[in-house]
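In: Below are the sequence and a predicted model for it; my questions follow.
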Amino acid sequence: MGHDAFAHHALGSAALLIISALHQHPHQTAAQLVATSSVSRATTYRTLQRLADHGLVQHTGETWTLAPRALEGFGIRLPDTDNGHTPAQGWDKVAEQHGTWGIAARRKALHMAERAAYQEALDRLTEHRRRAVVIVRDGRQVLVPMPRPDEIPPLWLTPDGRVLDPLTGRPAADWRVATDGRLILITPSDQRSYDELAAAHAEALSEWESFA
């Protein structure tokens, strides 16, 4: 039951465990609830008092039971208790009383934002330039430079920005256009800057032309 009424600063998760234990087996002593709810002794006594303040549980002698509508979050006023607490009027009201109303929605929104930021970071990491092809000619390793994205003909790009393989005419899954519109970044292991990549491209191009 992921309700704001059972948040940390409200009734707490222990309250939900004790309510569940009393729902399955009414008329339990505090010692029995320690075993059936798997809640520590001190937390059990503290939680029972908190639930009693809201009129959600009542005790006869040493045994505890749920109020008639406790599962709905509605408590009763105990005749032998004058603690100034108003009986619970539903789980929403309990959450409002403890200042936890809306905390689950805020936590969900925060987690969604964090996941989106994490995915965006992953996308940036996957946008790395493809390494140049190395071929061997006459015992020498020759670096074949890849074209820079700002030199790619428009016909190589799809309307949504994907890169077409000029040989097959189909989008190349391992090529991507970077956010700066100039670089195609592919390999996460390549962390060079644009200037470093441009210098490497010029060097490879010079070597290729001299070899040719």
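Out: Arrived safely, thanks for sending.

In: Okay, and Ala121 sits in which element?
Out: Following DSSP states H and E, one finds Ala121 within helix 103-126.

In: mean confidence score for that helix?
Out: For helix 103-126, mean pLDDT rounds to 81.

In: For that helix, buried residues please.
Out: Within helix 103-126, the residues that count as buried by 16 or more other Cβ atoms under 10 Å are Ile103. Every C-beta, even on glycine, is put in place using the N, C-alpha and C of the backbone.

In: can you check stretch 48-60 too?
Out: Buried residues in stretch 48-60, counted by 16+ other Cβ under 10 Å: 48, 50-59.

In: Strands - which of those land there?
Out: Among the buried residues of stretch 48-60, the ones falling in strands (DSSP state E) are 57-59.

In: Let me see the ranges of the strands in the chain.
Out: Taking DSSP E as the test, the strands found in the chain are 28-29, 57-60, 63-66, 133-137, 140-144.

In: Flag every buried residue along stretch 22-35.
Out: Using 16+ other Cβ under 10 Å as the test for burial, stretch 22-35 gives 22, 28, 30, 32-34.

In: swap in stretch 61-73?
Out: Buried residues in stretch 61-73, counted by 16+ other Cβ under 10 Å: 64, 66-67, 70, 73.

In: what about it, start to end distance?
Out: In stretch 61-73, first residue to last residue: 24 Å (Cα to Cα, to the nearest Å).

In: and that stretch, average pLDDT?
Out: Stretch 61-73 carries an average pLDDT of 91.

In: what sits up against it?
Out: With Cβ atoms under 8 Å, 6 or more residues apart in numbering as the test, stretch 61-73 has contacts from 5, 19, 22-23, 26-30, 33, 48, 51, 55-59, 74-76, 88-94.

In: Just name the closest of the buried residues of stretch 22-35 to Pro159, please.
Out: Lowest distance from Pro159 to these (Cβ to Cβ) belongs to Leu22, with 62.3 Å.

In: Can you give me the distance of the residue lying closest to the closest one once chain neighbours are set aside to His111?
Out: Nearest residue to Leu22, sequence neighbours excluded (Cβ to Cβ, 6 or more residues apart in numbering): Leu66, at 4.9 Å. Plainly put, Leu66 is 33 Å away from His111 if you go by Cβ to Cβ, to the nearest Å.

In: quick one: contacts of stretch 6-16?
Out: Taking contacts as Cβ under 8 Å, 6+ apart, the residues outside stretch 6-16 that touch it are 1, 4-5, 37, 39, 43-44, 47, 50-51, 54, 94-95, 98-100, 103-104.

In: Which positions within it qualify as buried?
Out: Of all the residues in stretch 6-16, those buried under the rule 16+ other Cβ under 10 Å are 6-7, 10-12, 14-16.
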